[in-house]
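Undergrad: Sequence and predicted structure are below.
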Amino acid sequence: DAGITQSPRHKVTETGTPVTLRCHQTENHRYMYWYRQDPGHGLRLIHYSYGVKDTDKGEVSDGYSVSRSKTEDFLLTLESATSSQTSVYFCAISESRGKDTQYFGPGTRLTVL
Amino acid sequence: KNQVEQSPQSLIILEGKNCTLQCNYTVSPFSNLRWYKQDTGRGPVSLTIMTFSENTKSNGRYTATLDADTKQSSLHITASQLSDSASYICVVTSNSGNTPLVFGKGTRLSVIA
């Protein structure tokens, strides 16, 4: 998985609790992304980062926040988890925006009860 | 609206047979098109990438074609193997916009013995 790890790999939580997912890369790529994947939908971009402390919203950013304090780590936080956020979350990295291939992590399966 | 449509949604074929997956897109301006393979429980992995000027690109038993005039691409799998069972995702990159990557919903391929 191209030097990308995600933690945890599985998580079950209750509605209203905060949740943080971590993505760690060893490739020193500038761009990092968080996607969610749900049945009947393609991968949808939540947030992305183009450098340390530089982030921007994707198409489904409501209810999510991100932080990137180091090149290698990109955190996704659900401030107050809802059942609609039950999904599989993928982190991806790339050297540049758009042109280069994105490499995906193994995913985190999140269930919000 | 930028969209990527894939067909069929799912496909079952016998081991050793060939198959072709389709991707139609309305993304503009076009930069490149990628095919990803996603095994169950894993992140997507890039198979091929094609730019505007490329018509065909092969990666082993996988051959992708692109017709930029009709905005269509296909992924042909030759002599299928059980390990080809996966989802195949078409991703089109635009040269502009906040979310330059547009993902199709994927085709679920099952190869049976």
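TA: Perfect, I can see it now.

Undergrad: which residues are contacting the helix or strand of chain B with the lowest mean pLDDT?
TA: In chain B, no helix or strand scores lower on mean pLDDT, DSSP states H and E than strand B:101-103, which sits at a mean of 89. For strand B:101-103, the external contacting residues (CB atoms under 8 Å, 6 or more residues apart in numbering or on different chains) are A:42-45, A:98, A:102, B:2-4, B:25, B:27, B:89-94. For glycine as for every other residue, the C-beta is placed from the backbone atoms N, C-alpha and C.

Undergrad: of these, buried ones?
TA: A:42-45, A:98, A:102, B:2, B:4, B:25, B:27, B:89-94 (16 or more other CB atoms under 10 Å in any protein chain shown).

Undergrad: Which SSE is immediately downstream of the least confident helix or strand of chain B?
TA: For strand B:101-103, the succeeding helix or strand toward the C-terminus, using DSSP states H and E, is strand B:107-112.

Undergrad: For that next one, what is the distance to the chain centroid?
TA: Centre-to-centre, strand B:107-112 and its host chain are 13 Å apart (CA atoms, centre = their mean, to the nearest Å).

Undergrad: Direction included, what does it pair against?
TA: strand B:10-14 (parallel), strand B:86-94 (antiparallel) (DSSP bridges).

Undergrad: Make CSV out of those and add distance to A:Thr17 and mean pLDDT.
TA: CSV is the format used below for the strands paired with strand B:107-112 (distance: least, CB to CB, whole Å; pLDDT from 0 to 100):
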stretch, distance to A:Thr17, mean pLDDT
strand B:10-14, 36, 97
strand B:86-94, 31, 94
